[in-house]
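Chemist: pasting the sequence and the predicted coordinates here, then a few questions.
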Amino acid sequence: MAKKSYTCSACGNVTSKWAGKCEACGEWNTIQEEKPLSAGPGSKSLGTKRGTAIELTDLATEEAPPPRTEAGVGELDRVLGGGLVQASALLVGGDPGIGKSTLLLQAAARFARNGLKVIYISGEEAAAQVRMRAQRLDLTESPVQLASATNLRDILTTLDTEKPDLAIIDSIQTMWADNVEAAPGSVSQVRSAAHELTSFAKRKGIAVIMVGHVTKEGQIAGPRVVEHMVDTVLYFEGERGHQFRLLRAVKNRFGPADEIGVFEMTGKGLVEVKNPSALFLSQRGAPTPGSVVFAGIEGSRPVLCEIQALVAPSPHAQPRRSVVGWDGSRLAMILAVLEARCGVPFTGLDVYLNVAGGMRISEPGADLAVAAALVSAREDASLPQEAVVFGEISLSGALRPVSQAENRLKEAAKLGFTAAIVPPLSKRIASSDVALTQVPDLAGFVSEIFGEATRKVDPVEED
Ligand code: TYD
Ligand code: MG
């Protein structure tokens, strides 16, 4: 009898025993039994039978860049690295309801208009539902072929006869391969379907875009293995209550990763946002304590956004630390540096940090802006409204320069900012429009900006 194996649908960890809780990631009820593939890898040793020799080439072999097709939507083309590459496999991940199907239907229509033969296969919605969406998006005229199907074998046969340039599979979790004895959405089904579709894309020279739902931990549901198989992984993210959506390249074999495209969800679908800084800052009012404008870089492009902090006496024994749009452990680090190096403690205070507009920042270059927002909120003193802030904080309290300072300052000047608070910049930055305040360390920053008045004592009364 074949040995059974069990796989965690959250992290992909394989064990020989079923358990209620995954040992690797600590999730509950995610372990599923997986039947071994009949003749899959690992089922038998290769033995001594000789294969055919593989042709080797040297590194200098001339290779033309892969042919690409642009969608004509700047925000999408940039994230793709300059357009859609022929014979590539892409995964678009995101929370349910964030707008993946909308994005891909609109992209399908654009690519079709630019001469590609496009097939859109929905495993989640009936064809009529997709048609209704197309109507709402004003896309009924575009030559996209549509089907509602989940049987992978039928889908591959159809694609093989129709020979499209681009096939969109919405979603990979609904696909069902009849050679795998498991329910659709299980790790082995998703892995098998993604593998079949990826190798089909390579073999037949068509581009395949797969939609993947994300689990609450932010992984493409179940198998991270899908991420390794495909050429490009894009995440579509945004806060539910906000209309902004970010398309982020987390992996791209044909272009830079970390590139973002910004869209706005409107009543007529997604509209690209060409100047995200203006949009993220549009709702700023009068100077407010705790509000700081961070001049960041997302991919190849500078993006300004507002970081907001709120600090209030805590009724709890363990004060709250709540973060939206930034890394929670990075916040803890900055609070610790503020306390240890600058004598600005946050003991007994609840701290809330928010990146406005549903933006998510992963750059350490935002450290100084976060620290500024925290101190500003704690001191109830606002920063000069015409100033942007950026810089990385090290554990010693020193400020480190960040990349592309000049681009950040240019973007700030473009949006009407006239001052910047930054770490010492290595070379002379040619910026006449923005007055630079260069501070070497966090303590210097706190006294420079908030003066000696900074309350250095714990505001909570001791018993
Ligand atoms: P959808 O693309 O179905 O999300 P996903 O495929 O990621 O699950 O989008 C769902 C949401 O988008 C839904 O709540 C309605 C909203 N929406 C608009 O606001 N405007 C539109 O034009 C469309 C088509 C959808
Ligand atoms: Mg959908």
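Modeler: Ah, there it is. Ligands and ions are numbered 1, 2, ... in the order given.
Chemist: for the residue nearest to Gly72 when sequence neighbours are not counted, which three-state class applies?
Modeler: Distance criterion Cβ to Cβ, 6 or more residues apart in numbering; nearest residue to Gly72, sequence neighbours excluded, is Arg110 at 5.6 Å. (Each C-beta comes from the backbone N, C-alpha and C, glycine too.) For Arg110, the assignment made with DSSP: H, G, I helix; E, B strand; the rest coil gives helix.
Chemist: for the residue of the stretch 251-400 of the chain found nearest ligand 1, grab the count of nearby residues.
Modeler: For the stretch 251-400 of the chain, the residue closest to ligand 1 is Gly269, as judged by Cβ to the nearest ligand atom, at 3.9 Å. When neighbours are defined as other Cβ atoms under 10 Å, Gly269 has 20 of them.
Chemist: any idea how this protein splits into domains?
Modeler: 1-35, 68-273, 279-449 (automatic domain parsing).
Chemist: contacts for the lengthiest helix in the chain next, please.
Modeler: What stands out as the longest helix in the chain, according to DSSP state H, is helix 187-204. Residues outside helix 187-204 that contact it (Cβ atoms under 8 Å, 6 or more residues apart in numbering) are 7-9, 12, 32, 34-35, 87-89, 91, 152, 156, 159-160, 163, 167, 169, 172-173, 175-177, 179-180, 182-183, 206-208, 210, 212, 221-223, 225-226, 229-230.
Chemist: go through that helix and flag the buried ones.
Modeler: 187-194, 196-198, 200-201 (16 or more other Cβ atoms under 10 Å).
Chemist: on that earlier part again, just the buried subset of the contacts of helix 187-204, please.
Modeler: For these, a neighbour count by 16+ other Cβ under 10 Å gives the buried set as 7-9, 12, 32, 34, 87-89, 91, 152, 156, 159, 167, 169, 172-173, 175-177, 180, 182, 206-208, 210, 212, 221-223, 226, 229-230.
Chemist: among those, which lie within strands?
Modeler: Per DSSP state E, strands hold the following members of those: Thr7, Cys8, Gln32, Glu34, Ala89, Leu91, Ala167, Ile169, Ala207, Val208, Met210, Gly212.
Chemist: so which one among those residues has the lowest pLDDT?
Modeler: pLDDT across these is lowest for Glu34, at 76.
Chemist: how about the contacts made by that residue?
Modeler: Applying Cβ under 8 Å, 6+ apart, the residues near Glu34 are Lys4, Ser5, Tyr6, Thr7, Val14, Ala182, Ser186, Val187, Ser188.
Chemist: could you redo the residues you listed as a markdown table and give each row distance to ligand 1?
Modeler: Below are the contacts of Glu34 laid out as a markdown table (distance: Cβ to the nearest ligand atom, whole Å):
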| residue | distance to ligand 1 |
| --- | --- |
| Lys4 | 34 |
| Ser5 | 32 |
| Tyr6 | 29 |
| Thr7 | 25 |
| Val14 | 29 |
| Ala182 | 23 |
| Ser186 | 20 |
| Val187 | 21 |
| Ser188 | 24 |
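Chemist: residue numbers of the stretch 101-250 of the chain in contact with ligand 1?
Modeler: With Cβ under 6 Å from any ligand atom as the criterion, the stretch 101-250 of the chain meets ligand 1 at residues Ser101, Thr102, Arg133, Arg136, Leu137.
Chemist: the residues you listed, buried ones only, as a PyMOL selection?
Modeler: Buried residues within these, by 16+ other Cβ under 10 Å, are selected in PyMOL with:
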select buried, resi 101+102+133+137
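Chemist: could you tell me which of the residues of the stretch 101-250 of the chain next to ligand 1 belong to helices?
Modeler: Residues from those lying in helices, with DSSP H as the criterion: Ser101, Thr102, Arg133, Arg136.
Chemist: between those residues, which is closest to Cys25?
Modeler: Ranked by distance to Cys25 (Cβ to Cβ), those are led by Ser101 at 28.4 Å.
Chemist: so who does Lys21 touch?
Modeler: Neighbouring residues of Lys21 by Cβ under 8 Å, 6+ apart: Glu27, Trp28.
Chemist: my guess is Leu91 contacts Val226, does it?
Modeler: Yes - between Leu91 and Val226 there is a contact at 5.9 Å, judged by Cβ atoms under 8 Å.
Chemist: between the two, which contacts overlap?
Modeler: By Cβ under 8 Å, 6+ apart, the residues touching both Leu91 and Val226 are Ile172, Ala194, Met210, Gly212, Ile220.
Chemist: my read: Ile393 touches Ala371, true?
Modeler: Yes - if you go by Cβ under 8 Å, Ile393 and Ala371 touch, sitting 6.2 Å apart.
Chemist: identify the contacts common to those two.
Modeler: Shared contacts of Ile393 and Ala371, defined by Cβ under 8 Å, 6+ apart, are found at Ile334, Val337, Leu442.
Chemist: which of the residues you listed has the most neighbours?
Modeler: That'd be Leu442 among the shared contacts of Ile393 and Ala371, by other Cβ under 10 Å, with 27 neighbours.
Chemist: chain neighbours aside, what residue packs nearest to it?
Modeler: In space, Leu442 is closest to Gly397, 4.6 Å off (Cβ to Cβ, 6+ apart).
Chemist: contacts only, for Phe236.
Modeler: Phe236 is in contact with Val92, Gly93, Gly94, Ile98, Gly99, Lys100, Leu103, Arg245, Leu246, Leu247, Arg248, counting by Cβ under 8 Å, 6+ apart.
Chemist: okay, and the beta partners of the last one?
Modeler: Looking back up the chat, that one is Arg248. Going by DSSP bridges, Arg248 is paired in beta bridges with Tyr235, Ile260.
Chemist: what is the burial count for it?
Modeler: 22.
Chemist: so who does Val14 touch?
Modeler: Taking Cβ under 8 Å, 6+ apart, one finds Ser5, Tyr6, Thr7, Cys8, Glu34 in contact with Val14.
Chemist: which one of those is nearest to Leu304?
Modeler: Closest to Leu304, out of all of those and judged by Cβ to Cβ, is Cys8, at 40.5 Å.
Chemist: just checking, the closest one touches Thr30?
Modeler: Yes - using Cβ under 8 Å, Cys8 makes contact with Thr30 at a distance of 4.9 Å.
Chemist: who touches both of these two?
Modeler: Shared contacts of Cys8 and Thr30, counting by Cβ under 8 Å, 6+ apart, come down to Cys22.
Chemist: is it correct that Arg131 is in contact with Thr140?
Modeler: Yes - assessed by Cβ under 8 Å, Arg131 is found in contact with Thr140 at 7.4 Å.
Chemist: what's the closest non-adjacent residue to Pro364?
Modeler: Among residues not flanking Pro364 along the chain, Glu392 sits closest, at 4.5 Å (Cβ to Cβ, 6+ apart).
Chemist: who is that neighbour paired with across the strands?
Modeler: Beta-bridge pairing for Glu392 (DSSP bridges): Arg400.
Chemist: and the pLDDT for it?
Modeler: 96.
Chemist: much appreciated, bye for now.
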